[in-house]
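*Asks:* okay, structure incoming, though there's no sequence with it:
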Ligand code: BGC
């Protein structure tokens with residue numbers, strides 16, 4: 001699919017600088033005095049809506065139409081000319097210089113700002129969003145957004161089109177690394193705080209892909225079939241939490257259909273739920289070429305076609321002339337875009353390019369990585385490694401000698417100095433794994449106190465096993481590269497890595513597997529190795545974070561935001577719908593997601609399957625004890641005491657689950673809240689977790705509203721969904 005070229009009316013540079021003049025400081029003002037242009041909407045004391053209304057009143061029809069579509073793909077599409085003012089991101093909407101309205105430069109920025117290499121710029125690669133969700137740390141989520149926001153701003157972008165949050169219904173989804181896992185309450189909070197972090201930098205934020213873009217297989221044709229209750233209580237609940245919390249400028253509607261209508265022309269999703277029920281005030285922009293009509297889409301709530309003007313250019317004008325789309329609706333589209341420009345501060349704090357601070361970004365990335373790497377297994381206290389006792393360390397596979405893996409697609413960040421495993425191609429190639437220069441091996445050497453550290457690539461399994469045999473510990477780095485537009489066909493590690501791990505484990509009883517994966521993988525070898533650490537895609541500080549955790553310089557605290565199944569056979573869909581036809585992008589399939597309400601960990605409970613590692617699981621180098629549970633009579637607060645019963649400092653993510661009364665017919669746990677708590681050895685703290693009724697309600701389809709059913713609620717507290725230490729019940733009247 002290629003977007004049709006359109007005429008772009010370029011604002012002259014002179015005009016452009018004229019409008020930005022009033023807000024430049026005197027030191028920045030050009031010497032020749034230019035007339036200062038001011039507008040009534042410059043008044044910061046007016047509300048964003050009032051300011052937007054004032055602008056809309058002054059706009060010509062052409063200007064109104066110009067704002068509701070943009071250009072895009074930019075330098076990605078070979079030969080695609082793009083205007084000089086376009087900053088080289090995924091999308092661009094020209095400004096209206098005569099009214100002082102800035103252009104909108106949109107950049108993909110799921111895990112860091114994308115496409116920097118084309119302009120010789122630097123962007124911090126953060127750990128994946130799934131990693132961030134594993135930290136369960138909302139301050140880290142805000143920091144994550146801040147890094148993205150400040151680097152977008154420094155690079156001349158004023159809008160992020162990151163903010164991915166499609167719940168994991170399909171653990172093999174190629175984009176799970178861009179999303180925040182399988183639980184609506186955790187994902188909604190993490191992505192909401194992330195978007196707040198972006199917007200704190202006066203950059204417009206976005207949340208995507210709305211909604212149910214839960215698999216990449218046939219993503220542009222698949223039809224998701226789901227009842228309203230399931231929609232509202234799962235994926236839509238995640239969006240509701242994040243959107244109400246962050247009030248993002250944009251919500252990007254997705255490629256797929258939902259119950260027969262394209263997501264970008266779905267009246268239920270856009271008008272009824274997003275705009276009416278949730279009161280979303282920003283604008284809905286289509287995923288790239290996900291617009292399918294003019295009249296239907298405009299009236300269903302789509303506000304901006306991206307990119308191109310197949311539907312929201314001349315055809316929209318015709319539809320307005322013919323009375324099929326009202327002028328009020330066009331004004332509403334423009335109002336939503338403009339009020340977001342004012343609300344985020346893009347108008348009042350115009351973007352000024354500067355040099356990204358790579359050191360600060362790296363520190364932030366490493367901090368988040370250390371909080372997000374999950375220790376899954378640690379038999380016999382294999383970890384942390386003790387430098388004096390461990391004299392020979394064999395490192396195997398995963399290019400761990402030179403770097404760490406990153407996720408691909410539109411979330412791909414360009415590596416500084418180029419892909420460390422492919423120096424011939426300094427710029428990113430679509431669907432080719434990019435490794436970042438953060439070498440776990442070098443970081444391990446620094447902490448290993450002079451131990452002998454050797455490396456084998458793992459391609460030669462026998463050579464790797466031989467190297468492992470003579471070592472005190474064998475560290476196998478296993479990777480799974482994932483990217484947009486494709487799912488993994490199975491949960492198995494690719495490229496014969498299961499056999500490699502088997503062989504190394506057979507040669508050395510002290511084998512530690514360090515995973516760098518987009519999402520969960522199966523582990524047929526899990527019983528043979530002594531420790532497993534899931535680092536996800538750990539970002540530019542990943543090598544150092546891994547080494548710090550391996551040697552106990554940092555204590556693991558992360559918990560899984562997603563269930564690890566033992567095998568594909570245990571998944572609700574052992575085979576991804578449409579995967580047989582995946583090479584024919586025109587063919588369609590229905591995705592029925594038969595687990596329905598029982599998404600993620602709930603599926604394992606209702607289908608009585610034992611996961612490999614449960615939702616919420618994650619080990620520490622210390623131990624914690626829970627006690628003293630109290631739930632108030634109104635069921636609003638849960639109080640309990642957590643004690644560090646081990647020998648080192650540690651942080652516990654204490655989780656609170658709720659079981660609804662039988663009448664709700666939801667026979668499974670629902671995550672209701674959590675608290676991260678740092679404790680010194682022997683220290684106890686009393687924690688109070690608030691239960692938000694909105695997060696544990698049931699959607700009453702007949703009445704079209706939320707309700708909290710009367711009856712007995714179970715409250716469960718513990719360090720994982722399958723490690724509940726405390727239980728209580730509370731009876732609530734309706
Ligand atoms: C992706 C979006 C992305 C857009 C622009 C689409 O293919 O689905 O997530 O923002 O491209 O690059």
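*Replies:* Structure received. Computed from a predicted structure; not experimentally measured.
*Asks:* what about stretch 669-682, distance to the chain center?
*Replies:* In terms of CA atoms, centre = their mean, to the nearest Å, the centre of stretch 669-682 is set 22 Å apart from its chain centre.
*Asks:* for stretch 521-530, that is, sorry about that
*Replies:* From the chain centre to the centre of stretch 521-530 is a distance of 27 Å (CA atoms, centre = their mean).
*Asks:* what are the contacting residues of that stretch?
*Replies:* For stretch 521-530, contacts defined as CB atoms under 8 Å, 6 or more residues apart in numbering pick out 377-380, 382, 476, 478, 480, 490-493, 498, 501-502, 505-506, 509-513, 515, 532, 564-568, 612. Every residue, glycine included, has its C-beta placed from N, CA and C.
*Asks:* in it, what's buried?
*Replies:* Using 16 or more other CB atoms under 10 Å as the burial criterion, the residues of stretch 521-530 that qualify are 521, 522, 523, 525, 526, 529, 530.
*Asks:* and the closest residue to the second one other than its chain neighbours, how far from the ligand?
*Replies:* This means residue 522. Take residue 522 and drop its neighbours on the chain: the residue closest to it by CB to CB, 6 or more residues apart in numbering is residue 491, 4.2 Å away. To the ligand, residue 491 is 23 Å away according to CB to the nearest ligand atom, to the nearest Å.
*Asks:* cool, and residue 428?
*Replies:* From residue 428 to the ligand the distance is 13 Å (CB to the nearest ligand atom).
*Asks:* can you tell me the residue of the stretch 351-500 of the chain closest to the ligand?
*Replies:* Using CB to the nearest ligand atom, residue 410 is the residue of the stretch 351-500 of the chain that sits closest to the ligand, at 3.8 Å.
*Asks:* list the contacts for the nearest residue to that residue once chain neighbours are set aside?
*Replies:* Leaving aside its sequence neighbours, residue 410 sits nearest to residue 108 (CB to CB, 6+ apart; 4.4 Å). Applying CB under 8 Å, 6+ apart, we find residue 108 in contact with 89, 90, 114, 115, 161, 162, 410, 411.
*Asks:* same thing but at 10 Å, please
*Replies:* Residue 108 sits next to 89-91, 114-115, 157, 160-162, 164, 178, 206, 288, 409-413, 484 when contact means CB atoms under 10 Å, 6 or more residues apart in numbering.
*Asks:* look up how far residue 591 lies from it.
*Replies:* 25 Å (CB to CB, to the nearest Å).
*Asks:* what residues does this structure put near the ligand?
*Replies:* The chain comes close to the ligand at residues 90, 108, 161, 208, 287, 288, 410, 484, as judged by CB under 6 Å from any ligand atom.
*Asks:* once you drop chain neighbours, what's closest to the fourth one?
*Replies:* When you say that, I think you mean residue 208. residue 252 (3.6 Å).
*Asks:* give me the number of residues near that neighbour?
*Replies:* For residue 252, the number of neighbouring residues by other CB atoms under 10 Å comes to 27.
*Asks:* that's a helix at it, yeah?
*Replies:* No: using DSSP: H, G, I helix; E, B strand; the rest coil, the assignment for residue 252 is strand, not a helix.
*Asks:* which ones among the contacts of residue 108 are found in helices?
*Replies:* Judged by DSSP state H, helices contain none of the contacts of residue 108.
*Asks:* hey, where'd the strands end up in the stretch 601-734 of the chain?
*Replies:* Per DSSP state E, counting those that start in this stretch, the stretch 601-734 of the chain carries strands over the ranges 624-631, 637-644, 650-659, 670-679, 684-690, 698-700, 705-707, 711-720, 723-732.
*Asks:* counting by contacts, list what the fourth one packs against.
*Replies:* When you say that, I think you mean strand 670-679. Packed against strand 670-679 by the contact rule (3 or more CB pairs under 10 Å, 6 or more residues apart in numbering; DSSP states H and E) you find helix 138-154, helix 184-199, helix 601-606, strand 637-644, strand 650-659, strand 684-690, helix 693-696, strand 711-720.
*Asks:* rerun that using 7 Å as the cut-off
*Replies:* Counting contacts by 3 or more CB pairs under 7 Å, 6 or more residues apart in numbering; DSSP states H and E, strand 670-679 packs against helix 184-199, strand 637-644, strand 650-659, strand 684-690, helix 693-696.
*Asks:* what kind of secondary structure is the nearest residue to residue 274 once chain neighbours are set aside in?
*Replies:* Sequence neighbours aside, residue 280 is the residue nearest to residue 274 in space, at 4.8 Å (criterion: CB to CB, 6+ apart). Under three-state DSSP, the three-state class of residue 280 is coil.
*Asks:* distance check, residue 280 against the ligand.
*Replies:* Per CB to the nearest ligand atom, residue 280 is found 19 Å from the ligand.
*Asks:* same question for residue 526.
*Replies:* Applying CB to the nearest ligand atom, the value for residue 526 to the ligand is 33 Å.
*Asks:* over to residue 503?
*Replies:* 39 Å.
*Asks:* contacts for the helix or strand encompassing that residue next, please.
*Replies:* Assigned by DSSP states H and E, residue 503 falls within helix 497-507. Contact with helix 497-507 is made by 396-397, 458, 461, 464-465, 468-469, 474, 476, 478, 492, 511, 513, 524-525, 528-529, as judged by CB atoms under 7 Å, 6 or more residues apart in numbering.
*Asks:* buried ones among the residues you listed?
*Replies:* With neighbours counted by 16+ other CB under 10 Å, the contacts of helix 497-507 contain buried members at 396-397, 458, 461, 464-465, 468, 474, 476, 478, 492, 511, 513, 525, 529.
*Asks:* which ones among the residues you listed are found in helices?
*Replies:* Short answer: the buried ones among the contacts of helix 497-507 in helices (DSSP H) are 461, 464, 465, 468.
*Asks:* for residue 306, see how far away residue 286 is.
*Replies:* Computed as CB to CB, the residue 286 to residue 306 distance reads 5 Å.
*Asks:* so for those two, which sits in the more crowded spot?
*Replies:* Taking other CB under 10 Å, residue 286 and residue 306 do not tie; residue 306 has more neighbours (30 against 27).
*Asks:* who's in contact with that one?
*Replies:* Neighbour list for residue 306: 70, 72, 91, 285, 286, 288 [criterion: CB under 7 Å, 6+ apart].
*Asks:* ok, residue 165 next?
*Replies:* Counting by CB under 7 Å, 6+ apart, residue 165 touches 179, 180, 187, 191, 207, 238, 239, 242.
*Asks:* nearest residue to it in space, please, no chain neighbours.
*Replies:* Computed as CB to CB, 6+ apart, the closest residue to residue 165 that is not its neighbour in sequence is residue 191, at 4.1 Å.
*Asks:* ok, that neighbour to residue 654 distance?
*Replies:* In terms of CB to CB, residue 191 sits 22 Å off from residue 654.
*Asks:* kindly report the same for residue 591.
*Replies:* 35 Å.
*Asks:* next, count neighbours for residue 587.
*Replies:* So residue 587, with other CB under 10 Å, has 13 neighbours.
*Asks:* quick one: pLDDT of it?
*Replies:* Note for residue 587: predicted pLDDT of 92.
*Asks:* give me every residue that touches the closest residue to it other than its chain neighbours.
*Replies:* Counting by CB to CB, 6+ apart, residue 581 is the residue found nearest to residue 587 once chain neighbours are left out, at 4.1 Å. Each residue near residue 581 by CB under 7 Å, 6+ apart is listed here: 218, 587, 589.
*Asks:* again with residue 340
*Replies:* Neighbour list for residue 340: 204, 249, 250, 282, 283 [criterion: CB under 7 Å, 6+ apart].
*Asks:* nearest residue to residue 421 other than its sequence neighbours?
*Replies:* Distance criterion CB to CB, 6+ apart; nearest residue to residue 421, sequence neighbours excluded, is residue 435 at 4.8 Å.
*Asks:* one more: residue 135?
*Replies:* Computed as CB to CB, 6+ apart, the closest residue to residue 135 that is not its neighbour in sequence is residue 371, at 3.9 Å.
*Asks:* and the residue of the stretch 151-300 of the chain nearest the ligand?
*Replies:* For the stretch 151-300 of the chain, CB to the nearest ligand atom, closest residue to the ligand: residue 288, 3.8 Å.
*Asks:* measure that residue to residue 485 for me?
*Replies:* Taking CB to CB, one finds residue 288 at 11 Å from residue 485.
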